[in-house]
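Peer 1: One predicted model, sequence on top.
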Amino acid sequence: MEKRYITLRDGKRIYAEIYRGGHQLNLLMLHGGPGEGCGDFRYQAIKLSEHFNVFIFDQRGVLRSDKIGEDESFGLEFLVDDCENLKQILGVSSWSILGHSFGGEIALLYSLKYPSSVDKVIFECPTFYYPMSIRSIYIKCINIAQQAGMIQFAKEIKEFIDNTTDIEVLTEHMREVVIATMKFDRKIEVLQEIEETNSIIDATYDQWQNGKIHFDRLQKEGKINENMIPLIEKIECPSLLILGKYDSVCFDEQREFYLKNSINGNIVMFDNSDHRPHNEEPTKFTEIVVDFVNN
């Protein structure tokens, strides 16, 4: 594995990890958030690099990549174009794309804008309509609270989401609600080996704060909140939708539209996963991705 900083077309640097094994096929993995960083993919990158050349990176303005300046131009399209720029710099002719959560939105847009660059695309618990994914998470928390007998708390959550339209406010408050209900939720254990491998120990406090700037700027632009579900039927390359049975980010309407309208699409359900099948059912995840990309 090679860790390096890559300078993009406008001089901004992004942090990348490259897992080359001399393979013919390539895989780019796009992290979620917005603003989480690529460390959560490291365990899978190691496993998948036995079969493909694997590339992961902190998106523009996230963690170890260069911070986004106050007066700097930035938006969703930058993240899409960064993928193509990265491909050119690395000398890759084409690759398959795997997008997790918000990374699924980037993968969708990238596969449509640069179709000749994308062999296949994998969506892992994606969001194609960010505001609805946020509301879906709240609804899950309401159901958990009700089942746990926290009736008043469930009513307060519902009243809050029914009377709040500001996505930034909803996103900021969501963490408190999830923490308050998670102890009553289904427990899905992640192996300690995976947690240790994925741990980002080389990032400073200030670098961790960069993700909030990244998110805030995307919200200010607003494109992240547009409904991109109808774009699914425009994907021409083979695609795969990976779902966690207990995930609420990829809500029912997204799943149903994909099932009915994707041209070359397939769905795989992970019965013992929530939002991160790549960590929650790692062996099955590796096998599914390898089979899909190779065949």
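Peer 2: Perfect, I can see it now.
Peer 1: So what touches the host helix or strand of residue 174?
Peer 2: Element membership of residue 174 [criterion: DSSP states H and E] is helix 167-182. With Cβ atoms under 8 Å, 6 or more residues apart in numbering as the test, helix 167-182 has contacts from 130-131, 134-135, 137-138, 141, 144-145, 148, 150, 153, 157, 160-161, 164, 215-216, 219, 225. No exception for glycine: its C-beta is placed from N, CA and C like everyone else's.
Peer 1: buried subset of these?
Peer 2: Buried by 16 or more other Cβ atoms under 10 Å: 130-131, 134-135, 137-138, 141, 144-145, 150, 153, 157, 161, 215, 219, 225, out of the contacts of helix 167-182.
Peer 1: which one among these gets closest to residue 189?
Peer 2: Closest to residue 189 out of these is residue 144 (18.2 Å), distances taken as Cβ to Cβ.
Peer 1: mind listing what the closest one touches?
Peer 2: Residue 144 sits in contact with 181, 184-185, where contact means Cβ under 8 Å, 6+ apart.
Peer 1: when you check the contacts of helix 167-182 against the strands, which ones overlap?
Peer 2: Of the contacts of helix 167-182, none are assigned to strands by DSSP state E.
Peer 1: measure residue 194 to residue 276 for me?
Peer 2: For residue 194, the distance to residue 276 (Cβ to Cβ, to the nearest Å) stands at 10 Å.
Peer 1: okay, the two: which has more neighbours?
Peer 2: Legend: neighbour count by other Cβ atoms under 10 Å for residue 194 and residue 276, higher for residue 276 (24 against 18).
Peer 1: so that one makes contact with residue 100?
Peer 2: Yes. Contact criterion Cβ atoms under 8 Å: residue 276 and residue 100 qualify, at 7.4 Å.
Peer 1: what touches both of the two?
Peer 2: Joint contacts of residue 276 and residue 100 (Cβ under 8 Å, 6+ apart) are 40, 125.
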